[in-house]
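K.L.:
sharing a sequence plus its predicted fold:
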Amino acid sequence: MRPTLAAAGRGRILFGGDYNPEQWPEETWQDDVRLMKDARVNSVTLGVFSWSKLEPEPGAREFGWLDRLMDLMHEGGIGVVLATPTASPPPWMGRLHPDTLPRDADGRTEVWGGRQHFSHSSATYRRYAAAITEDLAARYGTHPALTMWHINNEYCTFDYGDEAAAAFRRWLREKYRTLDALNSAWGTAFWSQGYDTWDGILPPRHAHYLKNPAQVLDFRRFTSDMLLECFTAERDIVRRHTPHTPVTSNFMPLWIGQDAWRWAEQEDVVSVDLYPDPRDPLGGQRGALVQDLTRSQARGPWMLMEQAAGPVNWRGVNHPKSRGLNRLWSLQAVARGADAVCYFQWRQSRQGAEKFHSGMVSHAGEHGRTYQEVRQLGHELARIGSSVTGSQIVSDVAILHDWHSWWAGAHEGRLSAEVDLPEVLTAWHRALWEAHLATDFAHPEHDLSGYRLVVVPQLYLLTDAAVDNLLRYVHGGGTLVCGFLTGVADEDDRVRPGGMDARLRELFGIRTLHEWWPLEAGETVECEGFRGTLWSEEIEAEPGVARTVPYRGGELDGLPAVLHNGRAWYVSTLPEPEALRELLASVAEGAGVRPVLAGLPDGVEAVRRGELLFLLNHGREPVTVEVPGDHRELLGGEKVTGSLTLGRYGVAVLRS
Amino acid sequence: MRPTLAAAGRGRILFGGDYNPEQWPEETWQDDVRLMKDARVNSVTLGVFSWSKLEPEPGAREFGWLDRLMDLMHEGGIGVVLATPTASPPPWMGRLHPDTLPRDADGRTEVWGGRQHFSHSSATYRRYAAAITEDLAARYGTHPALTMWHINNEYCTFDYGDEAAAAFRRWLREKYRTLDALNSAWGTAFWSQGYDTWDGILPPRHAHYLKNPAQVLDFRRFTSDMLLECFTAERDIVRRHTPHTPVTSNFMPLWIGQDAWRWAEQEDVVSVDLYPDPRDPLGGQRGALVQDLTRSQARGPWMLMEQAAGPVNWRGVNHPKSRGLNRLWSLQAVARGADAVCYFQWRQSRQGAEKFHSGMVSHAGEHGRTYQEVRQLGHELARIGSSVTGSQIVSDVAILHDWHSWWAGAHEGRLSAEVDLPEVLTAWHRALWEAHLATDFAHPEHDLSGYRLVVVPQLYLLTDAAVDNLLRYVHGGGTLVCGFLTGVADEDDRVRPGGMDARLRELFGIRTLHEWWPLEAGETVECEGFRGTLWSEEIEAEPGVARTVPYRGGELDGLPAVLHNGRAWYVSTLPEPEALRELLASVAEGAGVRPVLAGLPDGVEAVRRGELLFLLNHGREPVTVEVPGDHRELLGGEKVTGSLTLGRYGVAVLRS
Amino acid sequence: MRPTLAAAGRGRILFGGDYNPEQWPEETWQDDVRLMKDARVNSVTLGVFSWSKLEPEPGAREFGWLDRLMDLMHEGGIGVVLATPTASPPPWMGRLHPDTLPRDADGRTEVWGGRQHFSHSSATYRRYAAAITEDLAARYGTHPALTMWHINNEYCTFDYGDEAAAAFRRWLREKYRTLDALNSAWGTAFWSQGYDTWDGILPPRHAHYLKNPAQVLDFRRFTSDMLLECFTAERDIVRRHTPHTPVTSNFMPLWIGQDAWRWAEQEDVVSVDLYPDPRDPLGGQRGALVQDLTRSQARGPWMLMEQAAGPVNWRGVNHPKSRGLNRLWSLQAVARGADAVCYFQWRQSRQGAEKFHSGMVSHAGEHGRTYQEVRQLGHELARIGSSVTGSQIVSDVAILHDWHSWWAGAHEGRLSAEVDLPEVLTAWHRALWEAHLATDFAHPEHDLSGYRLVVVPQLYLLTDAAVDNLLRYVHGGGTLVCGFLTGVADEDDRVRPGGMDARLRELFGIRTLHEWWPLEAGETVECEGFRGTLWSEEIEAEPGVARTVPYRGGELDGLPAVLHNGRAWYVSTLPEPEALRELLASVAEGAGVRPVLAGLPDGVEAVRRGELLFLLNHGREPVTVEVPGDHRELLGGEKVTGSLTLGRYGVAVLRS
């Protein structure tokens, strides 16, 4: 039994963030502790980018400064999530060992001076990473401040260089065993790509024209696996020293590079970084999606490892958070299962590439609005921690998502560059979120029998096992709604005869899928009662089997836009937001799924977590919410009877 | 006397497409033959991308599978266009011989994993290509299924690498003989580029700022010539074995990389690939342009080597063909001189980079609409084949086009990036097409005396011989209409004094061309009676010589927009479509050129080929067309008297 | 005492341009002289790109052609600005010495075939450059035609290659002495970038993610310094030979690559190239900005080294100059302090990359409108030369600008990519220009005590000395207006506590700068009485100290948009043009600054230079201007009493 987030939280919501004191004189450290206590910070992450400080030259070790900090944190009652510093090797590494540097598809080497300039496949890099990890674990494994291990940071590098090429070939040999199997899976009969030796295989480097999609897909799988090997190698070292201390590495939100389902299984704590655009009117929903996904990967409480107290600095225009927004989105994460609310970073840097990325203590300092709001939030989280930590969220609905399908479907040779999976996923999640339906995410091969409704926004690639699983689910009484471009390809990205798996076609009542009709950006297609976007299809339904909502006008006039055959629904376009919400709400109702709370005003989100009901107002105007029965509001302590008013960005946490 | 397309067609319209059976199990081959027969397919192209199958390791030969296919085709009564597989070398070639890989201007190598990753200048590549061609020709030269040779595929590679650089220097020495001649032609006195040795010359690789335009122009000429050398080397091998079998290589439509006039002279059959966007309302006209150009290059019947039965997969959004569109555009090609209507490809691939490019048999299979329409078309082509093949199209109008002029005019340092020759060419062709004027294309040095009207949309570069030719044409009684930016530069891309050849200026009655006034994207300029786009000019006419239509308002108020001096017209802007059509229709009428048919409704195209009159409705609404006299309609067999109605995308083929 | 522009001009306005006769046969040279005399050309620049002509192979010297030209010019009474040809090395240099070629951040080498393909750090290049400079100076130093030296041309190259890397390290050692100092200045504690050896430091080459901003900043400083070293090395050679001949090198207008303040101190004559877009309605103001900046750098008369008589050829669409515009903009330069009005180039090239860049003699030749207008201008300049040359312009207003601040503020990790310093600078200058306020530019550490009003559009980086200087200025009675993002960072690009220098905040009455609120492109923010663009800020003013104009509505409702505390103003947004003009006009009036002339119509510019009043009509419609008193108009010679009318693009030069 592996330790969980509870081991670090011990009944409290972890609150704090990345702390990079090496950027500051030691006198600032004292001030940091004072302010951390003032803000009820109980957890900091140390050492994420400290490698050149810890190992200023090859093999050297400078732990003194970290010793002092660990002690300082402990004295201040602040737990430490200790990071391995392996996301950013010191300059000497690239200089002495150019083999540690990654190369992109165009052959450009990524040098030091930024971060993450390491090759996942470099034996030299891995050797140095293991050594520093070993020494950190040995030195701090028993330190009383240590609460968790944080491995690396946002694993996200690709490498097309020679050592990666060799590793790719090894990975392929392991997967395919024979060249015949590889040639078959990659369809190398097309365009004369048959391999006669393993040595002939390269990463998908710069080519004259479209690259082999299966090669690209396997290279993505390989990359995710190599990065995972880097993670597990370090994880195993710290586990050996501290078997009872949980280990994590932070995901980027809905990031394409890692098969996060597989990764999550290798972590004790699933953590994620979350940076919705404060100016995005749907930022709250985009956050909810990542929160639902992360919670589902964690199968329980999860850790919000990084968010921003104000602006980030990597968008074209970087907006701060309006008054109250940081609190709203933080409590939303708690509502959706987070037992840790942390930031990048504690104190905004004065130097370096992210000096305009906000901190909990911004450039404005402790009198700045940003810190003042952080402080208020810290106190509130402390107030509700014991009531909320460890509790679960129950959903009757699951959205299916799979990285391999995303990867395959994103090939440059696809039918429409306008189809972007994250946007499709977001559109479907939004429909459920606005319908106030509690939603998990699941992998297409997961057991789905616990759900009343399963929604597939788009699973272009479905393994045979996944198809089996969907059929089993529907035959077992479940309700299934699938979006377009689902079931098109098999595990090797081989298009299934008919353009969609035959059993799925039968399930939906599709006789023939004649042609795909993608739409231009901004174009819509008329359907009976609504308009579709992005895509449409020329489908011939099985007469007498499927019931349909037809397209109206245009080339597809009268053909089915939406089909259903009993509990299996197929939606061959992307209905505009309101239409998709109504469709899913109606199907959900038919499947016996009820919204979290009836009669909610627009923009108010309701989440039940354990015995608590969270109400969150994403609008800037006060709204009144009907809440039948008597409740106690935990943040403010008031009694609530029948209804309550939420101010701008207001949140209530109700207990019956 | 070289063999022609008739040798392969023998009175039939060739119908079929690329066939890549190596992607399929042999049991599928039987099914292919069944469906081919069902669809009246009589020609397939084998082996286009089969190199790694034929030569799985260096020097190996695996012909067995191809033997079986050749026999199978022959048994099925299907002729084989046999391709040399040299467009996509096997992976082992790049691995063992990196010198065969091309390098782009930025120094990036194009590796295997796509296609066309061969250097046209690589001696190693050429040696391997010759060897496999030799063996294919020896083995299949006498096979009864063989009807034609197809060399390589869509030659289109550039190479800026070292072996290409050496070849470029050899090509330049051959052309210029002395460095003085080169320095003079390249204008190297500008920017201190004088060469003191041939060794100092490079391809136009990445530079700090604008590259030498004459160097870039010669590099384009060199590239076209090198690719042509690759073609003729293979052609000569197969000709040696099969002197009576015609040889072709497929052009891409209006592609910038090959001087197709020169290439066509080296081919027995001129073939082209044609992929108008099914969503483009002018797709039919864009197709007609390529068809007219290809027919003119072929000087008779030509081969539509590739088209798509449905969508392609290389646009941003790839649309299928609406019901009837494939038939319409195929019969349009026949109307405009094609004696072969073929597709890429027979059966849509399930794997590889083009699995979303349609096939004659799409993913939906034989019950899919796509195949059903292909099948109908096959039967119709069989019905009209004997009436149409071999017959000619007579045009009184020629449009002049020249690749060297296109190349020179496309330099990055030109006055307006908005001026794109294909769009200018298309605008002028469209005007003639909409005016129902049968049009050939010609090279500016061709004999033009057979035409009543010659139209020059834009020939930025004109050799002295071409200027002579134009003058001779007008002095011989011809009518000439020239668009802007014509006659600006000489053969070396040297601007002619006055900004336009002096004899041309005299011809048009231009005293001084003061300044070019390019327009911004979307901007228009008022002229008397119409609006111009893209370009305008500050011209002073020879008083008393030229008659003019003036600009109105703005800086050019009162200056001539259109000049003519007898039968020589100069148009210094691009009139909006309707205005250009009216202008050309009126000039044509004055030159004694009559439309194919008078009184045609909008969107209906009429073409006379031999004794037949093709009527094609490019619209989705039925139209009635007046056709004086009695005719027999060959597709349906009905008698037509005085008029007929064409349905959506309808086609009639009338014989008096 | 160094020689000045007056040494070359001797009471005349220099008029002429780059002359590249090596592109033309010698018979054309005679014609050139004839036309030059006809147009009153008195100065040509020879040899700018003649290296391969002068040194056709390594070490060779071919001076004969240049001897003839120098003599020819002298005989024609035309002075020669002789250029070192070092901006474009001959092809043999890159071939024999690849170390002379620069490499970009992506590792691509810039080869010959364009221009400026030299590495500023290459010892080989510098050796060759010194040798040819030495020989030119020795040969022509005593030639009577020689009036000035022109070193290189538009220095603008970057180099990320290995020799540049070594030079960068030397430069850094010189600057920082210790690695500790460098690590501190670069903030290498962030992202583990601590350097343990000087050898580990690279130029900011391609990295995985955001680069270290201080490294990028220092690399910009280094680049400017290396280029300056190239300049001073050649300058010192020619000075040794000709101590009384002034030396210049031409700037590009407001170009980011050179610290032009520092460069100007090293030049005898400050010269600039100026190419406003003829279609830009604000082209006149953009020109005025560069003219004001150049005059301020020159601290007196300056040289317009290059402008275009017609179109350039490096924009997307390149427009010619309307009739009169060349004259207007040329006389504007004279009004704003130019004692030289020159062009690139004399005769438009027929070949090479710039053959569509206009010349004084265009492709249309001497009868073309372009030459005719040039000729008229030459006569007019000759008429007014003695009245204007050497005279000064007095301004009560200074705009502060600093390249280091620009460099630091342009980092990819900044808060808004919409904030582009040249546009901000232009907006503020435009406000002053439209308010008819004579304006200098100054460096933030210059003595400002002579100005009544100092305007800081944006100085993101301010050294401590610069802050001292601003405070001293205000405390000494000056009026200061600062735009947003001023005083954010110190000399090392370290963000100052509070997000703005504390003393500046105190000066303006800012208690806390809570957050920056950048705006999206096109977005506006309401303020009391006007609308702001680009940026806004969440500021808490010191109560009772600052007087403010508030934001209205939105998140910042009621917070100060504009603050002032006595004579120190802070503007936290970019007011729309009219509002900014009114604000500055009102502040200026309060500071006792008067417009050049009261009651000017829109679009009319008035400039006093010495005793002359220039009136320039930037509009295409005639306007009448009230000019109290009696004047003589020098261009036409008429007497002006009380008022005068300026035609389209009309100019009057009045003397009381």
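P.N.:
Sure, I can see it.

K.L.:
biggest helix in chain A by residues?
P.N.:
helix A:213-241 (DSSP state H).

K.L.:
after it, heading C-terminal, what element do we hit next?
P.N.:
strand A:247-248 (DSSP states H and E).

K.L.:
partner strands of the helix or strand following that next one, parallel or antiparallel?
P.N.:
Sequence-wise, the next helix or strand downstream of strand A:247-248 (DSSP H and E) is strand A:250-251. Strand pairing for strand A:250-251, using DSSP bridges, gives strand A:271-273 (parallel).

K.L.:
contacts for the partner strand next, please.
P.N.:
A:150, A:154, A:248-253, A:290, A:294, A:302-307, A:340, A:344 (Cβ atoms under 8 Å, 6 or more residues apart in numbering or on different chains). For every residue, glycine as well, the C-beta is placed using N, CA and C.

K.L.:
run a quick neighbour tally on the residue of chain A found nearest chain C.
P.N.:
Nearest residue of chain A to chain C (Cβ to the nearest Cβ) works out as A:Q351 at 2.5 Å. A:Q351 has 23 neighbours, counted by other Cβ atoms under 10 Å in any protein chain shown.

K.L.:
quick one: contacts for it?
P.N.:
A:Q351 touches A:Q23, C:W186, C:G187, C:A189, C:F190, C:P213, C:A214, C:D492, C:D493, C:R494, C:V495, counting by Cβ under 8 Å, 6+ apart.

K.L.:
from A:D492, how far off is the closest residue to chain B within chain A?
P.N.:
Nearest to chain B, among the residues of chain A, is A:G187, at 2.5 Å (Cβ to the nearest Cβ). Taking Cβ to Cβ, to the nearest Å as the measure, A:G187 and A:D492 are separated by 8 Å.

K.L.:
higher neighbour count, those two?
P.N.:
A:G187 (24 against 20).

K.L.:
ramachandran angles for that one?
P.N.:
phi 60, psi 40 (degrees, to the nearest 10).

K.L.:
and the residue of chain A closest to chain B, how close does it get to B:V111?
P.N.:
18 Å.

K.L.:
just to revisit the earlier point, and the longest helix of chain A, what does it pack onto?
P.N.:
Packing partners of helix A:213-241 (3 or more Cβ pairs under 8 Å, 6 or more residues apart in numbering or on different chains; DSSP states H and E): helix A:123-140, helix A:162-176, helix A:179-186, strand A:247-248, helix A:260-265, helix A:403-409.

K.L.:
the second one near chain C anywhere?
P.N.:
So the one you mean is helix A:162-176. No - Helix A:162-176 stays out of contact with chain C when judged by Cβ under 8 Å from any Cβ of the partner chain, the minimum separation being 14.3 Å.

K.L.:
and the longest one, by the same measure?
P.N.:
No - applying Cβ under 8 Å from any Cβ, one finds helix A:123-140 out of contact with chain C, separated by at least 11.0 Å.

K.L.:
got the contact list for that helix?
P.N.:
With Cβ under 8 Å, 6+ apart, helix A:123-140 has contacts from A:47, A:51, A:54-55, A:58-59, A:61, A:63, A:66-67, A:70, A:82, A:84-86, A:89, A:93, A:97, A:99-100, A:118-119, A:146, A:149, A:163, A:230, A:233-234, A:237-238, A:240-242.

K.L.:
still on that earlier bit, overlap in contacts of A:G187 and A:D492?
P.N.:
A:A214, B:Q351.

K.L.:
can you select the buried ones from the contacts of strand A:271-273 in PyMOL?
P.N.:
Buried residues within the contacts of strand A:271-273, by 16 or more other Cβ atoms under 10 Å in any protein chain shown, are selected in PyMOL with:
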select buried, chain A and resi 150+154+248+249+250+251+252+253+290+294+302+303+304+305+306+307+340+344
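
K.L.:
let's see which of the contacts of strand A:271-273 end up in helices.
P.N.:
Using DSSP H, those in helices are A:V290, A:T294.

K.L.:
OK, contacts around A:H443?
P.N.:
A:W261, A:L400, A:H401, A:D402.

K.L.:
from those, which two are the most distant?
P.N.:
Within these, A:W261 and A:L400 form the most distant pair, 10.8 Å apart (Cβ to Cβ).

K.L.:
show me which of the two is the more surrounded one.
P.N.:
Taking other Cβ under 10 Å, A:W261 and A:L400 do not tie; A:L400 has more neighbours (27 against 20).

K.L.:
of all the contacts of A:Q351, which comes closest to B:W329?
P.N.:
Looking across the contacts of A:Q351 and measuring by Cβ to Cβ, the closest to B:W329 is C:P213, at 56.4 Å.

K.L.:
give me the neighbour count for that closest one.
P.N.:
30.

K.L.:
likewise A:G629?
P.N.:
Neighbours of A:G629 (other Cβ under 10 Å): 10.

K.L.:
quick one, what contacts the residue nearest to it when sequence neighbours are not counted?
P.N.:
Spatial nearest neighbour of A:G629, excluding adjacent residues (Cβ to Cβ, 6 or more residues apart in numbering or on different chains): A:S656 at 6.2 Å. Residues in contact with A:S656 (Cβ under 8 Å, 6+ apart) are A:E611, A:L613, A:G629, A:D630, A:H631.

K.L.:
for chain B, what are the nearby residues on the stretch 51-200 of chain A?
P.N.:
Within the stretch 51-200 of chain A, the positions near chain B by Cβ under 8 Å from any Cβ are A:106-107, A:186-197, A:199-200.

K.L.:
neighbouring strands - and their directions - for the longest strand belonging to chain A?
P.N.:
What stands out as the longest strand in chain A, according to DSSP state E, is strand A:623-633. Its sheet considered, strand A:623-633 pairs with strand A:639-646 (antiparallel), strand A:651-655 (antiparallel) by DSSP bridges.

K.L.:
I'd like those strands as CSV, with mean neighbour count appended.
P.N.:
Conversion of the strands paired with strand A:623-633 to CSV gives the following (neighbours: other Cβ atoms under 10 Å in any protein chain shown):
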stretch, mean neighbour count
strand A:639-646, 14
strand A:651-655, 22
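
K.L.:
let's have those strands in a markdown table, adding mean pLDDT.
P.N.:
Shown next, in a markdown table, are those (pLDDT from 0 to 100):
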| stretch | mean pLDDT |
| --- | --- |
| strand A:639-646 | 96 |
| strand A:651-655 | 98 |
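
K.L.:
next, work out how far apart A:R262 and A:H404 are.
P.N.:
10 Å.

K.L.:
more crowded one of those two?
P.N.:
Applying other Cβ under 10 Å to A:R262 and A:H404 shows that A:H404 carries more neighbours, namely 25 against 16.

K.L.:
C-alpha coordinates for stretch A:439-458, CSV please?
P.N.:
C-alpha atoms of stretch A:439-458 as CSV (Å, rounded to 0.1, in the frame of the first residue of the first chain):
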residue,chain,number,x,y,z
THR,A,439,-18.5,14.1,-14.5
ASP,A,440,-15.5,11.9,-14.2
PHE,A,441,-13.0,11.1,-16.9
ALA,A,442,-12.1,7.5,-17.8
HIS,A,443,-9.9,5.6,-20.2
PRO,A,444,-11.8,3.7,-22.9
GLU,A,445,-10.6,0.4,-21.4
HIS,A,446,-11.6,1.2,-17.9
ASP,A,447,-14.5,-0.5,-16.2
LEU,A,448,-17.5,1.8,-17.0
SER,A,449,-20.2,-0.2,-15.3
GLY,A,450,-20.5,2.3,-12.5
TYR,A,451,-21.7,5.1,-14.8
ARG,A,452,-25.2,5.7,-16.0
LEU,A,453,-23.9,7.8,-18.9
VAL,A,454,-20.7,7.6,-20.9
VAL,A,455,-19.7,10.4,-23.2
VAL,A,456,-17.1,10.0,-26.0
PRO,A,457,-16.3,13.4,-27.4
GLN,A,458,-13.9,11.9,-29.9
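
K.L.:
quick one: buried residues of that stretch?
P.N.:
In stretch A:439-458, residues buried by neighbour count (16+ other Cβ under 10 Å) are A:439-446, A:448, A:451-458.
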